[in-house]
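*Asks:* Prediction below, plus the sequence it came from.
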Amino acid sequence: MDGRGRRRTFRTLLMTHTTPDWAQRFSDRMSRVRANEIRELLKLLDQPDILSFAGGIPDPGLFPADRIQAGYDAILADQDLARQALQYSVSEGYLPLRRWIAERMALAGVDCDEHNILVTAGSQQALDLIGKLFLSRGDTVMVARPTYLGALQAFNAYEPAYLDLPEGALANGLDAEALMAGRSPRALGYFVPDFANPTGQSLTLAEREALLDLAGRLDMTLIEDAAYRDLRFEGEALPSLLALDIARRGSIEAARTLFCGTLSKTVSPALRVGWICGPRAVIEKLVLLKQGSDLHVSTINQMVAHRAVSEGYEQHLGVLRGAYGAKARTILAALERHMPPGVTWSQPQGGMFVWIRLPQGLDGKVMLERALAEERVAFVPGEPFFAEIPAANAIRLSYSLPGEAEIEDGVARLAALIGRMG
């Protein structure tokens with residue numbers, strides 16, 4: 001065969017090796033996986049003229065950067081510590097950090113030890129691992145209405161069916177059998193009892209007890225997402241679901257609640273340090289799943305995190321509570337001053353969020369488009385936070401990042417836009 005013939009044959013081979021249709025090769029579960037709208041909105045922070053209430057992220061001015069820097073320096077300057085810090089480690093997590101977490105949990109009414117703790121890459125990985133352990137296709141996940149979008153993302157890959165609990169349902173009593181009629185009896189409940197994302201609201205003590213009653217009647221495992229629990233700036237602290245569960249059932253080994261904590265909101269999200277606290281029988285299985293996921297959280301980050309919280313952590317929390325409390329009071333006062341009739345909002349006592357209910361007929365997504373174009377203000381529309389039937393006339397504002405003057409200005413701009421749209 002001459003050179004031209006060989007070239008023709010090569011071109012023919014190239015033509016028969018077309019680009020794969022990747023969408024046809026993905027697993028069925030990928031049909032449930034969607035982009036996180038909040039992650040996409042965070043890209044707006046790169047635009048300097050956007051005033052953003054979108055990302056529920058910590059104020060970087062409050063990071064204990066000096067303490068974190070000192071931790072890295074001290075560890076890497078010590079030859080023995082450096083070898084440990086830069087090496088593979090156990091999947092359960094750095095032992096001194098797990099013991100610190102267990103001691104802190106015990107002070108809050110959760111009698112446990114390091115064997116009840118698994119360190120995870122933030123609480124987001126905790127949700128994914130729990131979903132992988134407990135959910136089969138069609139199983140029921142009970143959530144608040146609305147609920148944390150990231151939890152829906154974590155669970156969606158395991159193809160559950162969702163059950164929204166309407167606002168106020170726990171306070172008004174629930175017929176468990178009617179709730180679960182026609183659904184898979186295997187149920188997982190996911191709740192954020194303290195300063196929930198997106199509403200900023202908390203469950204009362206009576207609602208926490210009612211939720212545990214419901215979980216008992218349904219034989220349901222509860223996930224307690226405590227990401228914002230340490231950021232209470234008003235009111236009296238309430239016991240965690242896990243603490244109440246242990247008080248009822250006698251020990252953590254008999255509890256049905258899994259507590260998910262994190263240092264992302266109080267120390268730094270970049271360290272990627274969260275944890276699950278629960279019965280040893282569950283933690284042992286979660287460890288196996290983590291081994292197949294990422295082996296372990298960065299050893300040096302765990303060691304630095306432990307140094308950062310070992311001394312002065314309560315004083316640091318006091319600084320955070322003071323700062324976020326001041327911002328919350330600013331946004332609530334601005335909403336009271338500027339919002340037109342028909343707009344209502346939550347009254348958070350901690351955390352980073354205010355949930356706004358718009359007048360009927362207004363759509364949060366449409367409002368976002370106009371807010372960006374006309375007012376250069378960003379927020380998160382409420383619709384993605386609903387597992388079942390969405391509500392379009394809601395938006396989430398996060399007050400954690402902007403300064404108090406920006407909060408006042410941004411609320412005034414949004415109020416003017418709502419007035420024009422109404």
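*Replies:* It's in.
*Asks:* Quick check, pLDDT for residue 37.
*Replies:* Residue 37 carries a pLDDT value of 58.
*Asks:* how about the CA coordinates for stretch 292-311, as CSV?
*Replies:* Included here for stretch 292-311 are C-alpha records, laid out as CSV according to Å, rounded to 0.1, in the frame of the first residue of the first chain:
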residue,chain,number,x,y,z
GLY,A,292,-13.2,4.0,50.0
SER,A,293,-13.8,7.7,49.5
ASP,A,294,-10.6,9.6,50.5
LEU,A,295,-8.8,7.5,53.1
HIS,A,296,-8.7,10.3,55.7
VAL,A,297,-8.9,14.1,56.1
SER,A,298,-5.6,15.9,55.6
THR,A,299,-3.4,15.0,58.6
ILE,A,300,-1.7,18.3,58.9
ASN,A,301,-5.0,20.2,58.7
GLN,A,302,-6.4,18.1,61.5
MET,A,303,-3.4,18.8,63.6
VAL,A,304,-3.6,22.5,62.9
ALA,A,305,-7.3,22.5,63.7
HIS,A,306,-6.7,20.8,67.0
ARG,A,307,-4.1,23.5,68.0
ALA,A,308,-6.5,26.2,66.9
VAL,A,309,-9.3,25.0,69.2
SER,A,310,-7.3,23.6,72.1
GLU,A,311,-7.0,27.1,73.8
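*Asks:* can you give me the offset of it from its chain's centre?
*Replies:* Relative to its chain's centre, stretch 292-311 lies at 19 Å (Cα atoms, centre = their mean, to the nearest Å).
*Asks:* Buried residues in that stretch, which are they?
*Replies:* Using 16 or more other Cβ atoms under 10 Å as the test for burial, stretch 292-311 gives 293, 296-309. Every C-beta, even on glycine, is put in place using the N, C-alpha and C of the backbone.
*Asks:* and the helix or strand containing residue 73, what does it pack onto?
*Replies:* Residue 73 belongs to helix 65-77 when assigned by DSSP states H and E. In this structure, helix 65-77 makes packing contacts with helix 79-85, helix 299-310, judged by 3 or more Cβ pairs under 8 Å, 6 or more residues apart in numbering; DSSP states H and E.
*Asks:* Among the buried residues of stretch 292-311, which pair sits farthest apart?
*Replies:* Largest separation among the buried residues of stretch 292-311 by Cβ to Cβ: 293 and 307, giving 25.8 Å.
*Asks:* returning to that earlier point: could the helices and strands packed on helix 65-77 be laid out in TSV, adding mean pLDDT?
*Replies:* Converted to TSV, the helices and strands packed on helix 65-77 look like this (pLDDT from 0 to 100):
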stretch	mean pLDDT
helix 79-85	97
helix 299-310	98
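*Asks:* Which one of the ones you listed lies nearest to residue 70?
*Replies:* It is, among the helices and strands packed on helix 65-77 and with distance given as Cβ to Cβ, helix 299-310, at 7.6 Å.
*Asks:* ok, then the element right after that closest one?
*Replies:* Scanning onward from helix 299-310 (DSSP H and E), the first element met is helix 313-338.
*Asks:* So residue 57 is in contact with residue 399, correct?
*Replies:* No. Residue 57 is beyond contact range of residue 399, at 11.5 Å (criterion: Cβ atoms under 8 Å).
*Asks:* Surely residue 373 forms part of a strand?
*Replies:* No. Assessed with DSSP: H, G, I helix; E, B strand; the rest coil, residue 373 is helix; it does not lie in a strand.
*Asks:* residues near it, how many?
*Replies:* 9 (other Cβ atoms under 10 Å).
*Asks:* which residues does it contact?
*Replies:* Not one residue lies near residue 373 by Cβ atoms under 8 Å, 6 or more residues apart in numbering.
*Asks:* And the pLDDT at it?
*Replies:* For residue 373, pLDDT reads 94.
*Asks:* Kindly report the same for residue 179.
*Replies:* pLDDT at residue 179 comes out at 81.
*Asks:* Spatially nearest residue to it, not counting backbone neighbours?
*Replies:* residue 163 (6.6 Å; Cβ to Cβ, 6 or more residues apart in numbering).
*Asks:* just residue 52 next, same as before
*Replies:* residue 378 (4.3 Å).
*Asks:* Distance check, the one you found against residue 140.
*Replies:* 34 Å (Cβ to Cβ, to the nearest Å).
*Asks:* and if you look at residue 417?
*Replies:* On the measure of Cβ to Cβ, residue 417 and residue 140 end up 39 Å apart.
*Asks:* picking up where we left off before, let me have the helices and strands packed on helix 65-77 in a markdown table, extended by distance to residue 222.
*Replies:* Formatted as a markdown table, the helices and strands packed on helix 65-77 follow (distance: least, Cβ to Cβ, whole Å):
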| stretch | distance to residue 222 |
| --- | --- |
| helix 79-85 | 35 |
| helix 299-310 | 26 |
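*Asks:* Out of those, flag the one nearest residue 117.
*Replies:* helix 299-310 (11.8 Å).
*Asks:* helices or strands up against that closest one?
*Replies:* helix 65-77, helix 79-85, helix 95-107.
*Asks:* Tell me which residues are up against the last one.
*Replies:* Helix 95-107 is contacted by residues 92, 112-114, 116-117, 119, 242, 259, 261, 273, 275, 277, 302-303, 305-306, 309-310 when judged by Cβ under 8 Å, 6+ apart.
*Asks:* mind listing what the helix or strand residue 260 falls within pairs with, with the direction of each?
*Replies:* Assessed by DSSP H and E, residue 260 sits inside strand 257-262. Applying DSSP bridges, strand 257-262 is found paired with strand 221-225 (parallel), strand 274-277 (antiparallel).
*Asks:* can you put the ones you listed in a markdown table and add mean neighbour count and mean pLDDT?
*Replies:* Formatted as a markdown table, the strands paired with strand 257-262 follow (neighbours: other Cβ atoms under 10 Å; pLDDT from 0 to 100):
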| stretch | mean neighbour count | mean pLDDT |
| --- | --- | --- |
| strand 221-225 | 25 | 98 |
| strand 274-277 | 26 | 98 |
